[in-house]
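Q: Pasting the sequence and the predicted coordinates here, then a few questions.
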Amino acid sequence: MSVKKNAALLLLLCLFSSQLVLSQTYKVKTIVIDAGHGGTKPGARGSFSLEKNVALKVALKLGKKLEEELPGVKILYTRKTDVDVDFYKRAALANDNKADLFISIHCNSMPDKRVVTGYTKNRRGKKTPKYSYVKNKSTSGTETFVAGSHRLNEQDAAIRENEDIKLEKNYKQNYNGYDPNDPETFIILSLFKNIFRDKSLKLAKLIQYNYTHDDNRVNRGIKEQGLLILQRCGMPAVLTEIGFISNPTEEEYMNSAHGQEEIVNSISKAIKTYKKETETN
């Protein structure tokens, strides 16, 4: 592990620790809403829609509702149009504005399934299967992520969310040598303990509860993974997957006015409950 990476890690830990020590009270005064992907980074693709567009619509509606119902709270957005915003700039916006919550909106997707379509014989007469790929349209539900050191079997999901970083210019420089394909990266992320883990988990649980009990959605749970955008946020932060765009029924739901209203209501209700239960005088 390089000296540069160690130094960057130590700097971030010192920064977050000092913020906690100096904090006499906890109030939710500023919330950052992040619409995932954007611009040249469309995210997951459905049969008729793109993740970046669905996430943006939900993010804007969520922000508007919070502005109306929490007039004393400043609402900031990482993007309000279809533009490409680098991951580190999204986290920097929240950190620079001393945000108290960071909420990232995403759509989930399942990779194509490999299925056996027939058999053929090789030169020795041995029967061998022929494969093709079909869309996985059955998986559904919501899940919410918080920053954490993910286990080995969770690396694929983390890499999928982090892979947009490779499309950014000078990504190794911007992320202190971070490389999504470098195993050393995951050692660093596993060592980086999110100081705000407990509050992040509390908000994630509230969001998932509302999805399930208010909207009757399939609950895929709360997960801790090494998603870089969450790791870089110096405040409680969650990334919520509002449904599977690869599932035709959920894609329709997430694109509908009714579906977006339910999603927004579930998240905003969770934020208000979180604010009420965690704020101190």
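A: It's in. Please read these numbers as outputs of a predicted model, since none were measured by experiment.

Q: And the helices in the protein, which stretches?
A: 3-22, 51-69, 87-96, 155-162, 171-174, 183-191, 197-215, 228-231, 248-255, 257-278 (DSSP state H).

Q: looking at the ones you listed, which has the lowest confidence?
A: Per-stretch mean pLDDT for the helices of the chain is lowest at helix 155-162 (a mean of 46).

Q: and the closest residue to residue 92 other than its chain neighbours, what is it in contact with?
A: By the measure of Cβ to Cβ, 6 or more residues apart in numbering, the closest residue to residue 92 outside its immediate chain neighbours is residue 232, 8.0 Å from it. Every residue, glycine included, has its C-beta placed from N, CA and C. Residues in contact with residue 232 (Cβ atoms under 8 Å, 6 or more residues apart in numbering) are 12, 87, 88, 91, 92, 95.

Q: So which of those is the closest to residue 255?
A: Distance to residue 255, by Cβ to Cβ, is smallest for residue 87 among these, at 25.4 Å.

Q: circling back: and the contacts of residue 232, which are buried?
A: Neighbour-count burial (16 or more other Cβ atoms under 10 Å) is assigned, among those, to 12, 87, 88, 91, 95.

Q: so which of the contacts of residue 232 comes closest to residue 237?
A: The closest of those, once distances to residue 237 are taken by Cβ to Cβ, is residue 91, at 8.4 Å.

Q: Roughly how far does the closest one sit from residue 227?
A: Distance, residue 91 to residue 227, by Cβ to Cβ, to the nearest Å: 11 Å.

Q: Look up phi and psi at the residue nearest to residue 92.
A: phi -90, psi -10 (degrees, to the nearest 10).

Q: before we move on, what about the one 3 residues further on?
A: In this entry, residue 235 is assigned phi and psi values of phi -170, psi 170 (degrees, to the nearest 10).

Q: Now do the spatially closest residue to it that is not a sequence neighbour: how many residues are near it, please.
A: Distances taken as Cβ to Cβ, 6+ apart put residue 99 closest to residue 235, at 5.3 Å, once the chain neighbours are dropped. Neighbours of residue 99 under the rule other Cβ atoms under 10 Å: 24.

Q: From residue 250, how far out is residue 99?
A: Residue 99 is 30 Å from residue 250, by Cβ to Cβ.

Q: Roughly how far does the closest residue to residue 110 other than its chain neighbours sit from residue 252?
A: If the residues on either side of it in the chain are set aside, residue 110 comes closest to residue 136, at 3.9 Å by Cβ to Cβ, 6+ apart. Per Cβ to Cβ, residue 136 is found 17 Å from residue 252.

Q: Next: residue 206.
A: With Cβ to Cβ as the criterion, residue 206 and residue 252 are 26 Å apart.

Q: Please work out how many residues are found near residue 273.
A: Other residues near residue 273 number 16, with proximity taken as other Cβ under 10 Å.

Q: Show me the residue at the heart of this protein, geometrically.
A: In the chain, the residue lying closest to the centroid (Cα atoms, centre = their mean) is residue 239, at 3.0 Å.

Q: Test my guess that that one contacts residue 145.
A: Yes - Residue 239 lies in contact with residue 145 (Cβ atoms under 8 Å); the separation is 4.4 Å.

Q: Can you pull the residues that touch both of these two?
A: Shared contacts of residue 239 and residue 145 (Cβ under 8 Å, 6+ apart): 227, 230.

Q: Counting neighbours, what do you get for residue 123?
A: Neighbourhood size, residue 123 [other Cβ under 10 Å]: 5.

Q: Phi and psi next, for it.
A: phi -60, psi -30.
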